[in-house]
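Novice: Sequence plus predicted model, see below.
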Amino acid sequence: MTMGSLNNPRSLRGMKILFIDVDGVLTDGGMYYSEEGEVLKKFNTIDGMGIQLAREHGIIPVILTKEKSGIVQKRAEKLQVKEVFTGVDDKLKKASEVLSRYNLSFEDAAFIGDDINDIPLLQKVRISFCPADAVDEVRKTVTCICKKDGGEGVVREVVEILLNSLIKP
């Protein structure tokens, strides 16, 4: 695991918002098709608990994905994530809009992404994460490469890192 500024838990204090990509982060990136052509995605329940824990500790979860998917909306509803944006071509721009609405800055933000379209936002937030199986360009960009692969609990891993930094002196 690449730790970068994570060696100093104080560097994580004050995180108020967590941007989360979907395919390759909340899911394993696979798209499953039914015989009728319906696209299915597999989500991990421990990531759901991670999102709940973030919310309970005052960290706003925001889902950003390029994919236009009703499945993502349904999962977000179940997890009570109010900020969900699908079909987003420019994640940096959308994140900026969300931060502005909450009177926050990129210094208050973390992002978990896995592919090259995530790099502009990964470079802008105070702390950036990627799953262990992210593409090489992203792995070279982020503050922290997680132990978990996408869809295998990486969101929960990140939330625990953030929450542990809030608890430690």
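Specialist: Here it is on my side, so go on.
Novice: following the helix or strand bottoming out on mean pLDDT in the chain, which helix or strand comes up?
Specialist: One helix or strand of the chain scores below all others by mean pLDDT, DSSP states H and E: strand 39-40, with a mean of 82. Downstream of strand 39-40, the next assigned helix or strand under DSSP states H and E is helix 45-56.
Novice: How far does the following helix or strand past that next one sit from its chain's centre?
Specialist: Sequence order places strand 60-64 as the next helix or strand after helix 45-56, per DSSP H and E. How far strand 60-64 lies from its chain's middle: 7 Å, per C-alpha atoms, centre = their mean, to the nearest Å.
Novice: Determine the angle, from 0 to 180 degrees, between strand 60-64 and helix 45-56.
Specialist: Here strand 60-64 runs at an angle of 130 degrees relative to helix 45-56 (axes from the mean of the first three to the mean of the last three C-alpha atoms, to 10 degrees).
Novice: so what strands line up beside strand 60-64?
Specialist: strand 17-20 (parallel), strand 83-85 (parallel) (DSSP bridges).
Novice: How about residues contacting the last one?
Specialist: This means strand 83-85. Contacting residues not belonging to strand 83-85 are listed as 60-65, 72-73, 76, 94, 98 [C-beta atoms under 8 Å, 6 or more residues apart in numbering]. For every residue, glycine as well, the C-beta is placed using N, CA and C.
Novice: same question for it, mean pLDDT?
Specialist: Computed over strand 83-85, the mean pLDDT rounds to 96.
Novice: for that strand, the distance to its chain's centre please.
Specialist: For strand 83-85, the distance to the chain centre is 12 Å (C-alpha atoms, centre = their mean).
Novice: quick one on the thing from earlier: closest to Ile127 out of the strands paired with strand 60-64?
Specialist: Among the strands paired with strand 60-64, strand 17-20 comes nearest to Ile127, with 9.7 Å by C-beta to C-beta.
Novice: Would you tell me what the next helix or strand after that closest one is?
Specialist: strand 32-33.
Novice: Any regions of this protein where pLDDT drops low?
Specialist: For the chain, applying pLDDT under 70 flags the ranges 1-13, 166-169.
Novice: what about 90?
Specialist: Residues of the chain meeting the criterion pLDDT under 90: 1-15, 29-42, 67-71, 163-169.
Novice: most centrally placed residue in it?
Specialist: Ile20 (2.2 Å; C-alpha atoms, centre = their mean).
Novice: beta partners of that residue?
Specialist: On the basis of DSSP bridges, Ile20 is bridged to Ile63, Ile112.
Novice: Next, the contact list for it, please.
Specialist: Each residue near Ile20 by C-beta under 8 Å, 6+ apart is listed here: 26, 51, 61-64, 111-112, 155.
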